[in-house]
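>>> Give me coordinates for this.
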Amino acid sequence: MCPRSNPPLLLLESPYHALRPMEGGKQQLKNEGRKLGSALVWVLEGGATEADRNIVEQRPGGLSLIVILPRVADLANDPTILHLVEGCRPQGILPFHERLAERELAQVLKRPPDDLGASVTEYLAWRGIRIDRDTGHLIRRTIDGSLDLRSVTALARSMYVSRRALGRRFLSRGLPVPSHWLHLGRLLRVSIRLQNSRDSIFSIAYEFGYPDGFSVSNQMERIIGVRPYEAREQLGLGVDPGMLATARSRVRRPGPRSLTCFGARDRGR
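Residues are numbered from 1 along each chain as shown. Reported below is the predicted structural model:
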């Protein structure tokens with residue numbers, strides 16, 4: 001490996017004008033890496049040490065990860081790096097850069113996920129919340145349905161079950177009610193739209209079936225813990241792993257009736 005031109009761990013924060021070295025280990029990251037919209041940048045130019053890997057894997061729940069790969073020749077000599085990176089659930093993976101541009105890294109944070117439903121279920125698993133295959137499928141179908149379904153009745157119809165039977169499926173698994181997940185999926189889509197357009201909150205609210213901007217603002221604060229202006233400025237809110245982590249509703253650990261609420265307080269774990 002060549003000598004490093006960048007520290008291995010850097011913190012990117014809103015308004016995304018500078019990168020701050022994280023040289024104080026886990027404790028520094030725990031103290032300083034909880035600001036909404038932040039990201040940990042892992043520079044693999046000099047390889048992946050065990051200490052850095054532990055910090056990355058145990059980063060705060062709301063902290064997105066951006067990985068900068070080593071030079072091509074170094075990567076070819078150590079193909080295990082790609083498997084290591086995959087297990088750390090990065091928001092984005094970029095090729096080697098000698099000089100990191102903060103605004104380009106910020107663009108990675110606001111990039112929409114390829115599959116929002118899968119991102120939600122994979123995030124739950126990554127945070128140690130055990131869900132079986134059928135439960136994951138149920139959550140994923142509900143998040144996917146939030147694109148164009150506006151009621152639990154419509155959701156139940158799309159799954160060919162009654163509204164009551166659908167509710168029992170969620171209740172029996174200790175999940176929040178179907179309407180919660182439907183609202184969550186729709187609000188995550190609103191967050192993505194806010195970060196990737198200059199449209200007003202009122203225009204975006206109408207696009208996603210809300211009567212006005214005030215309604216979507218109140219729903220967003222209640223369910224994912226942020227207001228639209230925060231979602232627009234603090235990139236990564238409600239987008240991929242980092243996005244779900246930054247939301248502030250609580251996910252309870254598995255129990256007889258677990259997961260009574262999902263979203264915004266995971267950052268404090």
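
>>> Buried by neighbour count: which residues of the longest helix belonging to the chain qualify?
Looking across the chain with DSSP state H, the single longest helix is helix 178-195. By 16 or more other CB atoms under 10 Å, the buried positions in helix 178-195 come out as 178, 180-195. C-betas here are computed from N, CA, C, even on glycine.

>>> And the contacts of whichever helix or strand comes after it?
The first helix or strand that comes after helix 178-195 along the chain, using DSSP states H and E, is helix 201-207. Applying CB atoms under 8 Å, 6 or more residues apart in numbering, the contact partners of helix 201-207 are 190, 193-194, 197, 199, 211-213, 215-217, 228-229.

>>> Mind listing what's buried along helix 201-207?
Buried-residue list, helix 201-207, by 16+ other CB under 10 Å: 201, 202, 204, 205.

>>> can I get the CA coordinates of it in CSV?
The C-alpha trace of helix 201-207 is given here as CSV (Å, rounded to 0.1, in the frame of the first residue of the first chain):
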residue,chain,number,x,y,z
ILE,A,201,-42.9,21.7,0.5
PHE,A,202,-46.4,22.5,-0.6
SER,A,203,-45.8,21.3,-4.1
ILE,A,204,-44.2,18.1,-2.8
ALA,A,205,-47.0,17.6,-0.3
TYR,A,206,-49.6,17.6,-3.1
GLU,A,207,-47.5,15.2,-5.1
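
>>> before we move on, the earlier item: now find how far off-centre the longest helix of the chain is within its chain.
12 Å (CA atoms, centre = their mean, to the nearest Å).

>>> from the buried residues of helix 201-207, which is closest to residue 161?
Nearest to residue 161 among the buried residues of helix 201-207: residue 205, at 29.8 Å, using CB to CB.

>>> and the gap between the closest residue to that closest one other than its chain neighbours and residue 153?
Leaving out its chain neighbours, the residue that sits closest to residue 205 by CB to CB, 6 or more residues apart in numbering is residue 216, at 4.2 Å. Distance, residue 216 to residue 153, by CB to CB, to the nearest Å: 21 Å.

>>> now swap in residue 130 and tell me
30 Å.

>>> what do you get for residue 191?
25 Å.

>>> next one: residue 193
25 Å.

>>> cool, residue 79 as well?
51 Å.

>>> Just the strands from the stretch 151-269 of the chain, written as ranges.
Using DSSP state E, counting those that start in this stretch, the stretch 151-269 of the chain contains no strands.

>>> can you list the weak-confidence ranges in it?
Along the stretch 151-269 of the chain, segments meeting pLDDT under 70 span 237-269.

>>> part of a strand, is residue 42?
Yes. Under DSSP: H, G, I helix; E, B strand; the rest coil, residue 42 falls within a strand.
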